[in-house]
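Next comes the sequence, and after it the predicted model I'd like to discuss.
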Amino acid sequence: MNVLVTGGCGFIGTNLVRLILAEHPDLSVINLDLLTYAGNLENTAGLEEAYPGRYSFIRGDIAEPDVVNAVFERHKIDLVLNLAAESHVDRSIEAAGVFLRTNIMGVQVLLDAALKYKVGRFLQVSTDEVYGSLGQDGRFTEDLPMKPNSPYSASKASADLLIRAYIKTYRLDAVITRCSNNYGPYQFPEKLIPLMIANALEDKELPVYGDGRNVRDWIHVQDHCRGILAVASRGRTGEAYNMGGNAEWENIAIVREILTAMRKPETLIKYVKDRPGHDFRYAMDFSKIERELGWRPGVTFKEGLKSTIDWYLANRPWWERIRSGDYLEYYERMYADR
Ligand code: NAD
Ligand code: TYD
């Protein structure tokens, strides 16, 4: 069976491609990735040789119909796992256009190709952020109305609605996963956890937005990837499935945990200007996927954070190369007047 993974050179995509190749010998992977600032070909280096005939990479834009159609012409695709996206909330606040292009128009192009080439199933990797923000209590369930608050989450919610329309209108076999904040190896060091680890290692300030009391639910990327594959193979068509890590943490508590684990002083913490429209809290009710597919997260946050810190320590050249390139300019702009 041929699986098209889009965004396979990004954080979650890399982990997913590696998991499929290592654990599902019946599956071959075609990885379509534009290699934006967030896509890193180093992440998938050596996979062609390690898995002969089972892995191929194509550089291309999911929002370009000619590019996408050419992929489907060349390969008989049985399953699409769409992870290609612009994924960082802060960047979407700076410039929304590319988020709408990739996260909405790109999905439309992929959906049209899935219909045209009669793909067996289309899985959209969405996010808990489509539900908006919670107060102190409650959890997101799949039947809540979508109330996105950032250009990023609005673009992801738009894609979810478009998929619903294709399911209803064209009877497309599609499923959606909505997951909480991921962490683990290969995460681009602009997101909270790898940014804080890298800054702490370099004895740089750790910029905490607002009062640091915002809450996220954290899931190890391996657990997320296993859930994606469970939904792809056994999820009910037309359904959305929440996933979470059962690990609600205030940002400041995570930052402190990282500093303690790395034996760095808390004086590195710097409270900076809050993110505009900053969602207060995300928490997931994932009883549906637990009940229907038997999926649940396996990695505890404490264990996962420790192994993630170890990964960033062992792979320092990986993130140093990233931080010395284009990202440097972004970092200076983003944190200049905070
Ligand atoms: P990422 O930013 O690390 O990677 C995105 C990848 O998509 C990159 O390799 C990039 O080159 C590629 N890409 C971007 N635009 C493209 C285009 N037009 N055509 C082809 N490829 C393109 O993102 P991530 O954190 O790995 O997230 C993957 C998916 O999971 C996204 O859809 C995101 O919305 C979703 N998600 C992420 C999280 C999280 O915590 N990171 C949580 C829930 C859902
Ligand atoms: P992030 O990793 O950007 O994920 P998301 O916004 O999609 O949840 O941010 C996680 C939390 O950490 C969020 O509440 C914003 C906060 N944060 C900081 O306090 N400082 C930072 O430098 C970053 C990048 C995030």
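Noted; the coordinates are in hand. Ligands and ions are numbered 1, 2, ... in the order given.

can you pull out the strands in the stretch 101-250 of the chain?
121-127, 174-179, 181-183, 206-209, 215-220, 240-243, 248-250 (DSSP state E, counting those that start in this stretch).

my read is residue 58 is in a strand, agree?
Yes. Remark: residue 58 belongs to a strand, assigned using DSSP: H, G, I helix; E, B strand; the rest coil.

So what's the residue count around the nearest residue to residue 124 once chain neighbours are set aside?
Nearest residue to residue 124, sequence neighbours excluded (C-beta to C-beta, 6 or more residues apart in numbering): residue 176, at 4.8 Å. Heads up, the C-betas are built off the backbone N, CA and C, glycines and all. When counting by other C-beta atoms under 10 Å, one arrives at 25 neighbours for residue 176.

Residue 165 too?
For residue 165, the neighbour count with other C-beta under 10 Å is 13.

For it, give its distance to residue 107.
Distance, residue 165 to residue 107, by C-beta to C-beta, to the nearest Å: 11 Å.

With mean pLDDT and distance to ligand 1 as extra columns, can I get the strands of the stretch 101-250 of the chain in JSON lines?
Shown next, in JSON lines, are the strands of the stretch 101-250 of the chain (pLDDT from 0 to 100; distance: least, C-beta to the nearest ligand atom, whole Å):
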{"stretch": "strand 121-127", "mean pLDDT": "99", "distance to ligand 1": "4"}
{"stretch": "strand 174-179", "mean pLDDT": "98", "distance to ligand 1": "4"}
{"stretch": "strand 181-183", "mean pLDDT": "98", "distance to ligand 1": "4"}
{"stretch": "strand 206-209", "mean pLDDT": "98", "distance to ligand 1": "16"}
{"stretch": "strand 215-220", "mean pLDDT": "98", "distance to ligand 1": "8"}
{"stretch": "strand 240-243", "mean pLDDT": "98", "distance to ligand 1": "9"}
{"stretch": "strand 248-250", "mean pLDDT": "98", "distance to ligand 1": "14"}
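
right, and those - which one's nearest residue 153?
strand 121-127 (6.7 Å; C-beta to C-beta).

Convert the strand or helix carrying residue 4 to PDB, retaining C-alpha atoms only.
For residue 4, the host element (DSSP states H and E) is strand 2-6. What follows is strand 2-6, C-alpha atoms only, in PDB (Å, rounded to 0.1, in the frame of the first residue of the first chain):
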ATOM      1  CA  ASN A   2       1.300   3.500  -0.900                       C
ATOM      2  CA  VAL A   3       0.900   6.300   1.600                       C
ATOM      3  CA  LEU A   4       1.400   9.900   0.600                       C
ATOM      4  CA  VAL A   5       2.700  11.800   3.700                       C
ATOM      5  CA  THR A   6       2.700  15.500   3.100                       C
END
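
now check the next helix or strand after that strand, is it near ligand 1?
Using DSSP H and E, the helix or strand that follows strand 2-6 in sequence is helix 11-23. Yes. Contact of helix 11-23 with ligand 1 (C-beta under 6 Å from any ligand atom) involves 11-13.

any chance you could map the helices in the stretch 1-150 of the chain?
Here the stretch 1-150 of the chain has its helices, by DSSP state H, counting those that start in this stretch, at 11-23, 47-50, 65-74, 89-94, 97-100, 106-116.

and whatever residue of the stretch 1-150 of the chain ends up closest to ligand 1, how many neighbours does it have?
With C-beta to the nearest ligand atom, the shortest gap between the stretch 1-150 of the chain and ligand 1 falls at residue 10, namely 2.0 Å. Look at residue 10: counted by other C-beta under 10 Å, it has 25 neighbours.

thought it was touching residue 35?
No. With contact defined as C-beta atoms under 8 Å, residue 10 does not count as touching residue 35 (9.5 Å).

The top helix by length along the chain: which residues count as buried?
Assignment by DSSP state H gives helix 151-170 as the longest helix of the chain. Of all the residues in helix 151-170, those buried under the rule 16 or more other C-beta atoms under 10 Å are 151-160, 162-163, 166-167.

Could I get the contacting residues of residue 326?
Each residue near residue 326 by C-beta atoms under 8 Å, 6 or more residues apart in numbering is listed here: residue 37.

Please list the residues of the stretch 1-150 of the chain that sit near ligand 2.
Counting by C-beta under 6 Å from any ligand atom, the residues of the stretch 1-150 of the chain close to ligand 2 are residue 89.

which residue does the stretch 1-150 of the chain bring closest to ligand 2?
residue 89 (4.1 Å).

what would the residues of helix 11-23 next to ligand 1 look like in JSON lines with pLDDT and neighbour count?
Formatted as JSON lines, these follow (pLDDT from 0 to 100; neighbours: other C-beta atoms under 10 Å):
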{"residue": "11", "pLDDT": "98", "neighbour count": "24"}
{"residue": "12", "pLDDT": "99", "neighbour count": "24"}
{"residue": "13", "pLDDT": "98", "neighbour count": "28"}
